[in-house]
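Asks: below are the sequence and a predicted model; questions follow.
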Amino acid sequence: MKPNIILMNFTHVYEEENFIKNRRFRWIDCTDLNGVDCYCDVDARRRLEEKIASFSPEGIHFIDSGNYHYLSKLWTDKIREPFSLVVFDHHPDMQPTLFEDMLSCGSWVKDVLETNPFLHKVFIVGAAESLVEAMTTGYGDKVKCYSETDLSHEEGWNRFSEEHVDCPVYISVDKDVLNGASAATNWDQGSLTLDELESLLGIILKKEAVVGVDICGECSRSLNFFEEKRELAINGKANSELLALFLKSAESHGCRKHVTFMSRK
């Protein structure tokens, strides 16, 4: 049994990437929505929840640009067992909420921490050191960070490898954690290579039971044809490799008691 691969289409960008070829994606059309770019208003949230209502959180979810990273909250809201959230992102996404009735791509992790009763712990991996230092405090041991500075030293990798997580995990990847040669995004980017990101993900996939995954970080369409083609090629390659990594892990875990990326209903 293959895991569900869900593609949430806001900007049509996936239609131009080669990684979608010869794959059976479940497309969710979000191109008709207003009030969703960076901030998600009440009406748009209701409509998004309706669009994903028939899907479980298990699976691999491509959620378009980092402008829609708040969708990770909507997917994790559907989890009904203790879990930890592992976020690969150049930004911690824990800013104070500017509008109480709106979801935001910059504050969704904080929202999950404060509203999800099943959340055990959050791990933020690859964020800029300066942004980690500026994060909201007060969550104690419930939040652990491995900044890109930490990961530039062997000691940081060793600490990450030795981390023990005592419940299933949901993984959220924003490709802005990668350097410019590995991804092209709407936001300032980190320093990880695609190989380094895959190595970090491999540690989790080998050790932990994974409920589901989402991936964002597509780039807005450009007026420069050649630049747009370059960005599409870079992101398509990253998406293809990440998808292959997750599918390989799902297949290798398929005979175990806790089947990764698949519904356990």
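Replies: Nice, I can see it.
Asks: report how many residues lie close to residue 49.
Replies: When neighbours are defined as other C-beta atoms under 10 Å, residue 49 has 12 of them. (Each C-beta comes from the backbone N, C-alpha and C, glycine too.)
Asks: for the helix or strand harbouring it, packing partners?
Replies: With secondary structure defined by DSSP states H and E, residue 49 is part of helix 42-51. Secondary structure elements in contact with helix 42-51, counted by 3 or more C-beta pairs under 8 Å, 6 or more residues apart in numbering; DSSP states H and E, are helix 71-76.
Asks: send the alpha carbons of the helix or strand just after the helix it packs on over as CSV?
Replies: Using DSSP H and E, the helix or strand that directly follows helix 71-76 along the chain is strand 83-88. Extracted in CSV, the C-alpha atoms of strand 83-88 (Å, rounded to 0.1, in the frame of the first residue of the first chain):
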residue,chain,number,x,y,z
PHE,A,83,3.0,13.3,18.8
SER,A,84,6.1,15.5,18.4
LEU,A,85,6.5,18.1,15.6
VAL,A,86,9.8,18.3,13.8
VAL,A,87,10.1,21.5,11.7
PHE,A,88,12.9,22.1,9.2
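Asks: strand 83-88 packs against which elements?
Replies: helix 71-76, helix 108-115, strand 119-125, strand 169-174, helix 194-207.
Asks: and the next helix or strand past that strand?
Replies: Proceeding N to C from strand 83-88, the next assigned helix or strand is strand 103-104, under DSSP H and E.
Asks: low pLDDT regions in the stretch 151-265 of the chain?
Replies: Using pLDDT under 70 as the threshold, the predicted model of the stretch 151-265 of the chain has low-confidence ranges 222-223, 253-265.
Asks: in it, which spans are helices?
Replies: Listed in chain order, the helices of the stretch 151-265 of the chain (DSSP state H, counting those that start in this stretch) span 154-162, 194-207, 225-252.
Asks: contact partners for residue 116?
Replies: Contacts were defined as C-beta atoms under 8 Å, 6 or more residues apart in numbering; by that measure residue 116 touches 73, 76, 77, 79.
Asks: can you give me the end-to-end span of stretch 9-18?
Replies: End-to-end distance for stretch 9-18: 15 Å, by C-alpha to C-alpha, to the nearest Å.
Asks: just how off-centre is that stretch within its chain?
Replies: 17 Å (C-alpha atoms, centre = their mean, to the nearest Å).
Asks: cool, and stretch 74-90?
Replies: For stretch 74-90 - counting by C-alpha atoms, centre = their mean - the centre lies 9 Å from the chain centre.
Asks: mind listing what's buried along that stretch?
Replies: 74-79, 83-90 (16 or more other C-beta atoms under 10 Å).
Asks: just to revisit the earlier point, columns distance to residue 56 on top of the helices and strands packed on strand 83-88, output as TSV?
Replies: Shown next, in TSV, are those (distance: least, C-beta to C-beta, whole Å):
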stretch	distance to residue 56
helix 71-76	9
helix 108-115	18
strand 119-125	17
strand 169-174	12
helix 194-207	19
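Asks: ranking the ones you listed by burial, who's on top?
Replies: Counting by mean count of other C-beta atoms under 10 Å, strand 169-174 has the highest mean neighbour count of these, with a mean of 26.
Asks: got the contact list for that strand?
Replies: Counting contacts by C-beta under 8 Å, 6+ apart, the residues outside strand 169-174 that touch it are 57, 66, 69, 72, 75-76, 79, 83-91, 185, 197, 201, 204, 208-217, 242.
Asks: strand partners (parallel or antiparallel) of that strand?
Replies: Using DSSP bridges, the neighbouring strands of strand 169-174 in the sheet come out as strand 83-88 (parallel), strand 210-216 (parallel).
Asks: if anything else comes up later, I'll come back, but that's it for now.
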